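Visitor: Could you look at this predicted model? Sequence included:
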Amino acid sequence: MKSANLIKLISALIFLGCLPNLHANEKLELSDDLLFEDLIQELEQVTAIATHTKLNIDYVPGMVTVLHGDDLLKQGLHTISEALQTIPGVEISLSNEGQNNYVMRGIGKSFSSGKIKMLVNGRAVNAALSAASTAATIPVELVERIEVIRGPGSAIYGEYAYAGVVNIILRKDRFAFINGSDHIKYSIGASLSNFESENPFKYTLNFSFYEYEGEQVKIGQDYLKTASVGVPALDQLINDSSKSPGTTNEIDRIYNSSLQVSYKDFQWDSYMTYQQVGDYFGYSNALPPKVEPLRTIFSASSDLDKNFSLNEKLTGLVSAGGRIYALRSKLHSFLPSGFPDIPTFMDSDPNNNNLFEDGVLGSPNYTEYEVHGSLRFNYTGIKKHDVMFGGSAAYIRQGNTWAKRNQQIVAGGGLTEVELKEYRGDDNWLTEGNSRKIISLFAQDQWSIFKPLTLTLGGRIDNYSEIGTSVNPRIAAVYNAEDQHIFKVQLSRAFRPPTFIEMFARNNVIAEGNADIKPETIESLEIGYIYNKSNTVFRSTAFYSEMNDLITNDDASGKYENLESVVSQGIELEFSRKLNKQISINANTTYLYKICDRSKNTILPNVARYYGYANISYIPIEKTKLVISDQFIGSRKREAGDPRSRLGAFNVVNVVLSTEDLLYDNMMFSLGIKNIFDRPVHHPAPLASLGNSSLPSYVDDYPRPGRELWANIIYKF
């Protein structure tokens, strides 16, 4: 389906939403139900993510989206990444390592990742190594709701809240689930809780396991198949070493668990992920052999909170906790067996192949530890003002770090074979002994100037031991013209510190760190309008963002560097309407007027300028729902020097039928088909460099599996 077809679909849904009810008696019959549903919906849309004070999402500064776990399941969405793709302004793009890049309003694919702060139950889980997070591996079955700030959030959340903030709130319920599909993957999990009891000691334990055997996704030629360095004999060896075309290595096993315990004013939260994963398209975009999971990622955090009240007008929250992140690797095949030792080859007898017989191998290993604490106060003693202020401190320390490898980068470029063993010290893949101290102060005032108008003023100061101080203010206004018309405007600033990889990486074939690299900054203006009346909601947001010192990896040298300035400008539209008790529609679309490098005035590559999501749900009988959804991603421009044509647009249609209490009481059964029309889906594969030339890393980009049939059972007890 081309973009025009999706425009027609969304237009048709909006047209249907504007039609009056055809039967007046049905309207009268439903009025009480709709009023009750409106009240429930108002309560469900309350969030504290934007200000740390509970407000309906339409009245918070900036634009916030709340996704509910039950709704996501009935739409056939089973991962956090799939859920986020239904939000305006968000595009998900796959990396060569199989990691999801979250592209918010065009920012995130062409530059280093980590531009969205990830929270689990309000606790930050981004790692200092690469700003990565394992939170997206949590299955939707365990999720109560997902709260998303679209736009800068550093005024409240500090580092990594650059393009957005995602808070995953886990369920407090008693249930078990199992999910399986014809793609040889399944997940199981359960939740135990007594939060609904009157016992002052409350707990919730969630856990899940997911396994995917790495379905045989066929991939075309990689760049080694046609690479040339200008020496015919050497070119032949490089071409012959390629293992493409072939299949990707997408084995994945994920263990998730969380424990929440509360007693009176105390609450303890802990969260853990253990993931074993293959290397998909290869660390250096050369197709690797398919073996058992090569990477193991362990992430765990634990925090203890205490609420307190000094008097009726001054309350607070004190928090302390820690976090650990560990990466353990088996030997990765950075380049395949048979790849030539180029420097040795050039200096020796051409009849001597000088090959990496086992391939160019390496295994990065890393550990980091963090301790942190915060103190926050809320003061309501000034008329028409709700004041929040406080501070936080964190200390991050690099732990055990080493690499096992059989290659060494030589002066002037190229790789030569060395003894396969562990390397530390000056030969390590990351400089050792790194640490980071962060001291932060923040303040915010929500000022109800008069009844329809609220002004939010605030900011945050973060001081980093190795990169200095960042100041990030925010000013926002919300004007409620009438009950159903709301206007918003927000001007905000955010930052993203360089990660340890970007500063300290060395002695590896992927990237070189730069200790002098500067933090990224963004300044953003957002203007929003909301119409919310009865069963119809329309939201629009226009945004303009200027980003400076964006961190990118130079294609030729592999060294991280800052790009001068990028501009993102566009509009997001959302529409939802309940036509009657049985049928409802939802649609959103994002259009980027401008996403370009200001110094060159060129459009950024590998980013869709237009994308959208729409669904229609139908309840044929009580407790049974049919949902048909369509996700569209527009075409994407290539990098400069890429000979391939634009990466074409694609759309994916999903169908889900779910029913409750049909087979057994308290059981929900769902059956669905993803990509029912089996449309080809490809994510952009970048250019890869070898010698003095750059070639498409994969001629046919990164393909994704096709049609998938799945079933899900949830049983509450």
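Guide: Now that the structure is in, tell me what you want to look at.
Visitor: pLDDT weak spots in this protein?
Guide: 1-45, 109-113, 293, 343-353, 412-413, 555-557 (pLDDT under 70).
Visitor: Go ahead and name everything in contact with the helix or strand harbouring Val627.
Guide: For Val627, the host element (DSSP states H and E) is strand 624-633. Contact partners of strand 624-633, identified using C-beta atoms under 8 Å, 6 or more residues apart in numbering, comprise 1, 3, 6, 9, 74-76, 85-86, 91, 608, 611-620, 649-660, 662. Any C-beta I mention is one placed from the backbone N, CA and C, and that applies to glycine too.
Visitor: buried subset of those residues?
Guide: Among the contacts of strand 624-633, those that count as buried by neighbour count (16 or more other C-beta atoms under 10 Å) are 1, 3, 6, 9, 74-76, 85-86, 91, 608, 611-617, 649-654, 656-660.
Visitor: Among these, which are located in strands?
Guide: Among the buried ones among the contacts of strand 624-633, the members falling in strands (DSSP state E) are 91, 611-617, 650-654, 656-660.
Visitor: quick one, helices of the stretch 401-550 of the chain?
Guide: Counting by DSSP state H, counting those that start in this stretch, the stretch 401-550 of the chain has helices at residues 500-504.
Visitor: same question but for the stretch 151-300 of the chain, I mixed them up
Guide: Under the criterion DSSP H, counting those that start in this stretch, the stretch 151-300 of the chain contains helices at 154-157, 232-241.
Visitor: just checking, what packs against the first one?
Guide: Using 3 or more C-beta pairs under 8 Å, 6 or more residues apart in numbering; DSSP states H and E as the contact definition, the elements that helix 154-157 packs against are strand 435-450, strand 453-464, strand 468-480, strand 485-496.
Visitor: how far out from the middle of the chain is it?
Guide: 18 Å (C-alpha atoms, centre = their mean, to the nearest Å).
Visitor: Touching that helix from outside, list them.
Guide: Residues from elsewhere that reach helix 154-157, judged by C-beta under 8 Å, 6+ apart: 50-52, 117, 119, 124, 161-162, 165, 442, 444, 458-460, 462, 470, 472-474, 492-495.
Visitor: which of these are buried?
Guide: Neighbour-count burial (16+ other C-beta under 10 Å) is assigned, among these, to 50-52, 117, 119, 124, 161-162, 165, 442, 444, 458-460, 462, 470, 472, 474, 492-495.
Visitor: Asn606 touches Glu639, doesn't it?
Guide: Yes. Counting by C-beta atoms under 8 Å, Asn606 touches Glu639, with 7.1 Å between them.
Visitor: what residues do those two have in common as contacts?
Guide: Where contact means C-beta under 8 Å, 6+ apart, the residues bridging Asn606 and Glu639 through contact with each are Pro686.
Visitor: which of the two has more neighbours?
Guide: Residue environment comparison for Asn606 versus Glu639 gives the larger neighbour count to Asn606, 20 against 16, counting by other C-beta atoms under 10 Å.
Visitor: wait, is the more buried one part of a strand?
Guide: No. If the criterion is DSSP: H, G, I helix; E, B strand; the rest coil, then Asn606 is coil and not within a strand.
Visitor: give the contact list for the residue nearest to it when sequence neighbours are not counted.
Guide: Setting aside the residues directly before and after it, Asn606 is nearest to Pro684 in space (C-beta to C-beta, 6 or more residues apart in numbering), at 4.1 Å. Remark: with contacts taken as C-beta under 8 Å, 6+ apart, Pro684 is in contact with Ser93, Lys109, Pro605, Asn606, Arg636, Arg638, Leu647, Asp701, Tyr702.
Visitor: Can I get the helices and strands packed on helix 154-157 in TSV including distance to Ser244?
Guide: Conversion of the helices and strands packed on helix 154-157 to TSV gives the following (distance: least, C-beta to C-beta, whole Å):
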stretch	distance to Ser244
strand 435-450	40
strand 453-464	42
strand 468-480	44
strand 485-496	35
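Visitor: The ones you listed: which one's closest to Val64?
Guide: Counting by C-beta to C-beta, Val64 lies closest to strand 485-496 out of the helices and strands packed on helix 154-157; the figure is 10.5 Å.
Visitor: for that closest one, packing partners?
Guide: With contacts taken as 3+ C-beta pairs under 8 Å, 6+ apart, strand 485-496 sits against helix 154-157, strand 468-480, strand 520-533.
Visitor: Can you tell me the strand partners of it and which way each runs?
Guide: strand 468-480 (antiparallel), strand 520-533 (antiparallel) (DSSP bridges).
Visitor: The shortest one to strand 453-464, inter-axis angle?
Guide: Yep, that's strand 468-480 we're talking about. 170 degrees (axes from the mean of the first three to the mean of the last three C-alpha atoms, to 10 degrees).
Visitor: Is the nearest residue in space to Leu314 that is not next to it in sequence bridged to anything, and to what?
Guide: Taking C-beta to C-beta, 6+ apart, and ignoring the residues beside it in sequence, Leu314 has Tyr379 as its nearest neighbour in space, at 5.2 Å. Taking DSSP bridges, one finds Leu314, Val387 as the beta-bridge partners of Tyr379.
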